[in-house]
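J.: Sharing a model that was predicted from the sequence below.
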Amino acid sequence: VAQTMASAVVSEPVLVLGLDTQLNEVATDTILSNLIVEGLDVRVPPDIVHYGDRRMVEQWDGPQLWITNGLGPVDPVRTRVAATSMPGCSRAEFDRAATELVRTLGDEPVVLQPWALQALPRYLAGWDDGAACRLATDLREGTAAATDLPGDLLLVLYGDGAVLSPSLSPAAQQQAAELVGQAPLEAWLVEPGDGVALDTDRLLRDGSSCAPWIYGS
């Protein structure tokens, strides 16, 4: 919050969006509350009702603040204004666990929880630049195996409780949750020329979004 207030110098309202994972949604809510206390004039998507009607917007073409995790190799194409991580966070340990996870699962098909199918693009955009929508379709249709996914993305999906099968041992599942819970958080100031989709389930890191058809009926 302190880094953001010092770096994101804006004189107009800012739309705050949380991307990537369920854990980031929780973190975003905490960050957003504190930004309001610090005096930032915040706006939120229409499904976030607990900040009052005045802050809710249906469309937006002003500045945005995206809260993302710092694990994916694909950065939003904007300006990073803040970054932090939990004490004890180890990227080397995360990478080792991701490699071992892919080795363990091999060619087993990955089946996701129903709620995660809706949010796939926001997970995938951090790893698969330009192909997130196609990979989302493959996962939804059940044609993606563990070896088709980047290992670190697969670990994030498990750590966030998004995978229905194959299941991990309790110890491995706990390790995944702990590693993802320690992931770095980043804040990005986004000032697009055109409005960016407010549907964060489909929002990609370049500001575009996957077409609704990938979800079926």
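T.: Alright, I've got the coordinates.

J.: contacting residues around the most centrally placed residue in the chain?
T.: Within the chain, one residue has its C-alpha closest to the average C-alpha position: by Cα atoms, centre = their mean, that is Asp20, at 0.8 Å. Contacts for Asp20 were tallied using Cβ atoms under 8 Å, 6 or more residues apart in numbering; they are 68-69, 72, 122-123, 126, 156. All C-beta spots, glycine's among them, are computed from the backbone N, C-alpha and C.

J.: If we use 7 Å, what do you get?
T.: Taking Cβ atoms under 7 Å, 6 or more residues apart in numbering as the contact definition, Asp20 lies against 68-69, 122-123, 126.

J.: from those, which is closest to Leu164?
T.: Using Cβ to Cβ, the shortest approach to Leu164 within the contacts of Asp20 belongs to Tyr123, at 14.6 Å.

J.: what's the closest non-adjacent residue to Leu168?
T.: Once flanking residues are discounted, Leu168 sits nearest to Tyr158: 6.3 Å by Cβ to Cβ, 6 or more residues apart in numbering.

J.: quick one: the helices in this protein?
T.: Counting by DSSP state H, the chain has helices at residues 2-7, 22-37, 91-105, 114-118, 120-124, 132-140, 151-159, 170-181.

J.: Now tabulate these in JSON lines and tack on mean pLDDT and mean neighbour count.
T.: Rendered in JSON lines, the data for the helices of the chain read as follows (pLDDT from 0 to 100; neighbours: other Cβ atoms under 10 Å):
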{"stretch": "helix 2-7", "mean pLDDT": "90", "mean neighbour count": "14"}
{"stretch": "helix 22-37", "mean pLDDT": "86", "mean neighbour count": "17"}
{"stretch": "helix 91-105", "mean pLDDT": "93", "mean neighbour count": "16"}
{"stretch": "helix 114-118", "mean pLDDT": "84", "mean neighbour count": "14"}
{"stretch": "helix 120-124", "mean pLDDT": "83", "mean neighbour count": "26"}
{"stretch": "helix 132-140", "mean pLDDT": "85", "mean neighbour count": "20"}
{"stretch": "helix 151-159", "mean pLDDT": "93", "mean neighbour count": "24"}
{"stretch": "helix 170-181", "mean pLDDT": "92", "mean neighbour count": "16"}
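
J.: Let me know which of those helices is the nearest to Ile48.
T.: Taking Cβ to Cβ as the criterion, helix 22-37 is the member of these that comes nearest to Ile48, at 8.1 Å.

J.: Output the closest one as CSV, restricted to C-alpha atoms.
T.: The C-alpha atoms that make up helix 22-37 are tabulated as CSV, following Å, rounded to 0.1, in the frame of the first residue of the first chain:
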residue,chain,number,x,y,z
GLN,A,22,-8.5,-16.7,-5.4
LEU,A,23,-5.8,-15.9,-2.9
ASN,A,24,-5.2,-12.6,-4.9
GLU,A,25,-8.8,-11.7,-4.6
VAL,A,26,-8.5,-11.8,-0.8
ALA,A,27,-5.3,-9.8,-0.9
THR,A,28,-6.8,-7.3,-3.3
ASP,A,29,-9.7,-6.6,-1.0
THR,A,30,-7.3,-6.0,1.9
ILE,A,31,-5.1,-3.7,-0.2
LEU,A,32,-8.1,-1.9,-1.7
SER,A,33,-9.5,-1.1,1.8
ASN,A,34,-6.2,0.3,2.9
LEU,A,35,-5.8,2.4,-0.3
ILE,A,36,-9.2,3.9,0.5
VAL,A,37,-8.0,4.7,4.0
